[in-house]
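> What shape does this take:
(4 chains)
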Protein chains: 2
Amino acid sequence: MARKKRDTSGKHQALLKAAIDAFIEFGFEKTSMDQIAGRANASKRTLYNHFASKEALIEEAFKMFLADASQGKNIDYDPDQPIEDQLSAFADSKMQLTQDPKQLGLMRVILSAFISHPQMAHRAVLFSDSLDDGLIPWLQKANQDGRLTVPDATLAARVFWSLFAGTFFWPPLVRGPVKKAEGQKLKTEFIKLFLARYQEGSG
Amino acid sequence: MARKKRDTSGKHQALLKAAIDAFIEFGFEKTSMDQIAGRANASKRTLYNHFASKEALIEEAFKMFLADASQGKNIDYDPDQPIEDQLSAFADSKMQLTQDPKQLGLMRVILSAFISHPQMAHRAVLFSDSLDDGLIPWLQKANQDGRLTVPDATLAARVFWSLFAGTFFWPPLVRGPVKKAEGQKLKTEFIKLFLARYQEGSG
DNA sequence: CTTAAGTTACACTGATAAGTGTATTTTAAG
DNA sequence: CTTAAAATACACTTATCAGTGTAACTTAAG
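Below is the predicted model:
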């Protein structure tokens, strides 16, 4: 006889959104639960009815980030498109992650939480790492197609991601977005580097 | 007639060291000034006589880090040594930065402080960036020597650092050191990539 | 309308912590 | 030894904040 149960997902989302916005603006440590409740036009008690603790909030925020980040994760292999154009498009889609101030802000918050709350560190593997996965099948297809020579697609994907993340993912977390013109120049060079190794097939 | 002035640098260093150790162990936010003073066997008042605030302490710690990091910054070009061996040695010296748990801890603390205290962000440029400088003169010499084709040594140095930092510098800050065997495999691949582009001279 | 789920207001606990003021004691330079 | 610099003990102010308890109020489902 489960009686009445109301849909409270609206409040739930509003509270979570308010928390994320506040974390981005003031940082995790400096945001109080009162602030969050106020921002969501809710009472603190309601906030605690939805989320057991402040940490539960950042956990939820992290889940949202992961969901967002895996959007547009895949790169579709197109046999008729130049290899470098496809790689370039893939790189662009990843670079957007740290070009959007909102997403960048959220990533900073999460990064900071990982660093100062070692209990969360076990989740840290997911941060940034799964971002290269989408490239693996693409590399395998390009390899089968004879347009690249990639004996180990997993390794090559990690190389590609290391190269890009070392400029377009990690540094912006500390310093803010990379400048457009500079970014393009580096991106072009990175792709040349990648193709120099995997296009002609050196041992 | 400046009278007596005693050398208090001993206490000063002890306090700073205690602060750094505590920051590494508990994190910046969770370390109290009382803890630091206690750890240095000093009174809190003395701590405040040496350092105006908690932030002054992290600033000092950052200066120490910069001093340490620029040690062994240079790579000496040797015309008789194989190119890849020299690059490998350079890479090793940089990789050590994040292999030492103590240094890694300090970098995490500093990174976290940068992220959660935007006032310090203007200093963030120095974090990680100057690390590739030492490579530029080496590349120029190798270029003059005809063993590499590097039209733009600054660009190539940035590429090299991006490639390595994307695996050996940034991720360890979040997840801890890279596993030895895996690290060697990736390092080798990175050097092959670098040489594929800059050894034979593609446009 | 009835009623229980959900929300609010608000007071409160318990704890931590940055930074200061000051009188007193220790230490080392001259 | 003398004396001023440096260190200490310690009480104190001011503030913040996570999380709880509870009684009253609002809302929507049946």
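> Which strands and helices lie in contact with the helix or strand bottoming out on mean pLDDT in chain A?
Sorting the helices and strands of chain A by mean pLDDT, DSSP states H and E puts helix A:126-129 at the bottom, at a mean of 73. Contacts defined by 3 or more CB pairs under 8 Å, 6 or more residues apart in numbering or on different chains; DSSP states H and E place helix A:126-129 against helix A:101-116, helix B:170-175. All C-beta atoms are positioned from the backbone trio N, CA, C, and that covers glycine.
> Select from these the stretch with the lowest mean pLDDT.
Here the lowest mean pLDDT among those goes to helix A:101-116, at a mean of 86.
> which residues are contacting that one?
A:20, A:23-25, A:27-29, A:58, A:61-62, A:65, A:68, A:97-98, A:120-121, A:123-124, A:127, A:172-173, A:176-177, B:27-30, B:108, B:111-112, B:115-116, B:173-174 (CB atoms under 8 Å, 6 or more residues apart in numbering or on different chains).
> anything in that helix near DNA strand D?
No - judged by CB under 7 Å from any atom of the strand, helix A:101-116 and DNA strand D are separated, with a smallest distance of 13.0 Å.
> Need the CA coordinates for that helix. PDB is fine.
Output of helix A:101-116 as PDB, limited to C-alpha atoms (Å, rounded to 0.1, in the frame of the first residue of the first chain):
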ATOM      1  CA  PRO A 101      34.400  28.400 -19.000                       C
ATOM      2  CA  LYS A 102      31.500  26.600 -17.300                       C
ATOM      3  CA  GLN A 103      32.900  23.100 -18.000                       C
ATOM      4  CA  LEU A 104      36.400  24.300 -17.200                       C
ATOM      5  CA  GLY A 105      35.200  25.600 -13.900                       C
ATOM      6  CA  LEU A 106      33.500  22.300 -13.000                       C
ATOM      7  CA  MET A 107      36.600  20.400 -13.900                       C
ATOM      8  CA  ARG A 108      38.700  22.700 -11.700                       C
ATOM      9  CA  VAL A 109      36.400  22.100  -8.800                       C
ATOM     10  CA  ILE A 110      36.500  18.300  -9.300                       C
ATOM     11  CA  LEU A 111      40.200  18.300  -9.700                       C
ATOM     12  CA  SER A 112      40.600  20.300  -6.500                       C
ATOM     13  CA  ALA A 113      38.300  18.000  -4.600                       C
ATOM     14  CA  PHE A 114      40.300  15.000  -5.800                       C
ATOM     15  CA  ILE A 115      43.500  16.500  -4.600                       C
ATOM     16  CA  SER A 116      42.400  17.700  -1.200                       C
END
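> That one and DNA strand C in contact?
No - applying CB under 7 Å from any atom of the strand, one finds helix A:101-116 separated from DNA strand C by no less than 12.7 Å.
> Can you say which helix or strand has the nearest residue to A:Glu189 once chain neighbours are set aside in it?
Nearest non-adjacent residue to A:Glu189, counting by CB to CB, 6 or more residues apart in numbering or on different chains: B:Val159, 5.8 Å away. Assigned by DSSP states H and E, B:Val159 belongs to helix B:153-164.
> buried stuff in that helix?
For helix B:153-164, the neighbour count (16 or more other CB atoms under 10 Å in any protein chain shown) marks B:Ala153, B:Ala156, B:Ala157, B:Arg158, B:Val159, B:Phe160, B:Trp161, B:Ser162, B:Leu163, B:Phe164 as buried.
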